[in-house]
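Asker: build me a model from this:
(2 chains)
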Amino acid sequence: EPEVTQTPSHQVTQMGQEVILRCVPISNHLYFYWYRQILGQKVEFLVSFYNNEISEKSEIFDDQFSVERPDGSNFTLKIRSTKLEDSAMYFCASNPTEVRTEAFFGQGTRLTVV
Amino acid sequence: EDQVTQSPEALRLQEGESSSLNCSYTVSGLRGLFWYRQDPGKGPEFLFTLYSAGEEKEKERLKATLTKKESFLHITAPKPEDSATYLCAVQAGAYNTDKLIFGTGTRLQVFP
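Answerer: Okay, the predicted model is just below:
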């Protein structure tokens, strides 16, 4: 069964460092998303991406965040200068279309900023 | 502001003891309501999508229903393997937004 794959599963970084979280969406999907979940809190939308550009972003997704689809298979989330409050599970998701379909989520990357 | 509220926060059931989880929503123009299951340290796993009031969907011991203000996830004769956090999410508003708005979830524990 096709699945969304995320790497690494866990990343520890020092405050102020840049991190790149990687995702391989399901191959025939066209819409890609990043969500995050701070421990004990709800899953929060960060950004959606379609046709090589951001289609929507939340207030959380400020200038320190960026997304990229560098090739036909990978989708990345970059955090330029990490803060302690960036510690969370980051989930990548993909959809074949954006209308009335569920998002397929990856297993997540646990980011710990120390 | 669109909001999703789930109750209870946590639920402990004996194996075989049926119950329901609630998801109430306040949104402008519901386009879809989604139920996901999330195991500890894992990503949300899709269960159901409901689109209009009166709609019902079933999968094994789970049944999801939808009204104009809330959705219920009914669990019939649960087993220990049903233990997980159940998340409700909505997609709402104009068609130029497809983000999911999640509730905080209900943590279900089923004991043998």
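Asker: where does pLDDT dip in chain B?
Answerer: Low-confidence segments of chain B (pLDDT under 70): B:95-96.
Asker: at 90 instead, please
Answerer: Counting by pLDDT under 90, chain B contains low-confidence ranges at B:1-2, B:27-31, B:41, B:91-99.
Asker: next: chain A.
Answerer: A:1-2, A:27-30, A:40, A:50-52, A:70-73, A:95-103.
Asker: OK, contacts around the residue nearest the centre of it?
Answerer: Nearest to the centroid of the C-alpha atoms of chain A, with distances taken as C-alpha atoms, centre = their mean, sits residue A:34, at 3.2 Å. Residue A:34 makes contact with A:21, A:23, A:46, A:47, A:67, A:77, A:90, A:91, A:92, A:93, according to C-beta atoms under 8 Å, 6 or more residues apart in numbering or on different chains. Quick note: C-beta positions are derived from backbone N, CA and C, even for glycine.
Asker: get me the contact residues on chain A for chain B.
Answerer: A:4, A:6, A:31, A:33, A:35, A:41-45, A:48, A:55-56, A:58, A:89, A:91, A:93, A:95, A:98-108, A:110 (C-beta under 8 Å from any C-beta of the partner chain).
Asker: among those, name the buried ones.
Answerer: Buried subset of these (neighbour count, 16 or more other C-beta atoms under 10 Å in any protein chain shown): A:4, A:6, A:31, A:33, A:35, A:42-45, A:48, A:55-56, A:58, A:89, A:91, A:93, A:95, A:98, A:101-108, A:110.
Asker: quick one on the thing from earlier: inside strands: which ones of the contacts of residue A:34?
Answerer: If you go by DSSP state E, the contacts of residue A:34 have A:21, A:23, A:46, A:47, A:67, A:77, A:90, A:91, A:92, A:93 in strands.
Asker: so which of those is the closest to chain B?
Answerer: residue A:91 (5.1 Å; C-beta to the nearest C-beta).
Asker: got the contact list for the closest one?
Answerer: Counting by C-beta under 8 Å, 6+ apart, residue A:91 makes contact with A:6, A:34, A:35, A:36, A:37, A:43, A:105, A:106, A:108, B:43, B:44.
Asker: list just the nearest of the residues you listed to residue B:14.
Answerer: Residue B:14 lies nearest to residue B:44 out of the contacts of residue A:91, by C-beta to C-beta, at 26.2 Å.
Asker: helix or strand for the residue nearest to the closest one when sequence neighbours are not counted, which one?
Answerer: With C-beta to C-beta, 6 or more residues apart in numbering or on different chains as the criterion, residue B:44 has its nearest non-adjacent residue at 3.7 Å, and that residue is residue B:36. Taking DSSP states H and E as the criterion, residue B:36 maps to strand B:30-38.
Asker: then residue B:13?
Answerer: Using DSSP H and E, the element containing residue B:13 is strand B:10-14.
Asker: got the CA positions of that strand in CSV?
Answerer: Listed next in CSV are the C-alpha coordinates belonging to strand B:10-14 (Å, rounded to 0.1, in the frame of the first residue of the first chain):
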residue,chain,number,x,y,z
ALA,B,10,-10.0,10.5,27.6
LEU,B,11,-12.1,7.4,27.8
ARG,B,12,-11.4,4.1,29.5
LEU,B,13,-13.6,1.2,28.4
GLN,B,14,-13.7,-2.5,29.3
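Asker: for it, which positions count as buried?
Answerer: Applying 16+ other C-beta under 10 Å to strand B:10-14 flags B:11, B:13 as buried.
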